[in-house]
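[1] Okay, here's the prediction I keep looking at, along with the sequence it came from:
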Amino acid sequence: MPQLSDTEMRAWQGFLHTHDTLWKTLDTELAREFDLSLPAYELLLTLEEAGEAGLRMTDLARSLRFSGGGLTRLVDRLQQGGLLERRRCATDGRGFEAVLTPEGRRLLKRVHVKHLQAVRALFLDRLTPEEQNTLAAIWDRLQSPPQEKPL
């Protein structure tokens, strides 16, 4: 059975463990300080970037890599909290758009400052600028389609 080399194993497991630790820590801090999950923060941030027009629910789900049901539950919760609203699409009455409310914008500004501080403390400040550049280039390469290898 094929095996990974020690270096390959360290690279792969390091990525998995680091991602898991950072995600859980950031999610816990947001929940403790703002009663907001990391996926909820990402959703609110995506809506802020979309502007006043908001985003169709299908586009929002695709952008956030959510299932339709998972997005609906999260949007329901954020709507109940007054952070966003859902409205019928003006161009297609069958669809819905999610739009950030003024209260959602205010909360997002407070959360954003604390979240970026945590990202810097837990991750970015532990890397040199050169390491950040290298890592950014690696993520760019891994997010592009794989190249076909000749046989």
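    Arrived safely, thanks for sending.

[2] Longest helix in the chain, please.
    helix 6-34 (DSSP state H).

[3] Tell me how far it lies from the chain's centre.
    Here helix 6-34 is found 14 Å from its chain centre; the criterion is C-alpha atoms, centre = their mean, to the nearest Å.

[4] what's downstream of that helix, the next helix or strand?
    helix 38-50 (DSSP states H and E).

[5] other SSEs contacting the longest helix of the chain?
    helix 38-50, helix 102-122 (3 or more C-beta pairs under 8 Å, 6 or more residues apart in numbering; DSSP states H and E). Using the backbone N, CA and C atoms, a C-beta is placed for each residue, glycine as well.

[6] what residues does the first one touch?
    Contacts of helix 38-50 with the rest of the structure, by C-beta atoms under 8 Å, 6 or more residues apart in numbering, involve 23, 26-27, 30, 36, 54-55, 60, 63-64, 66, 71, 74-75, 77-78, 83-84, 98-100, 104-105, 107-108, 111-112, 115.

[7] try stretch 26-35
    By C-beta under 8 Å, 6+ apart, stretch 26-35 touches 36-38, 40-41, 107, 110-111, 114-115, 118-119, 122.
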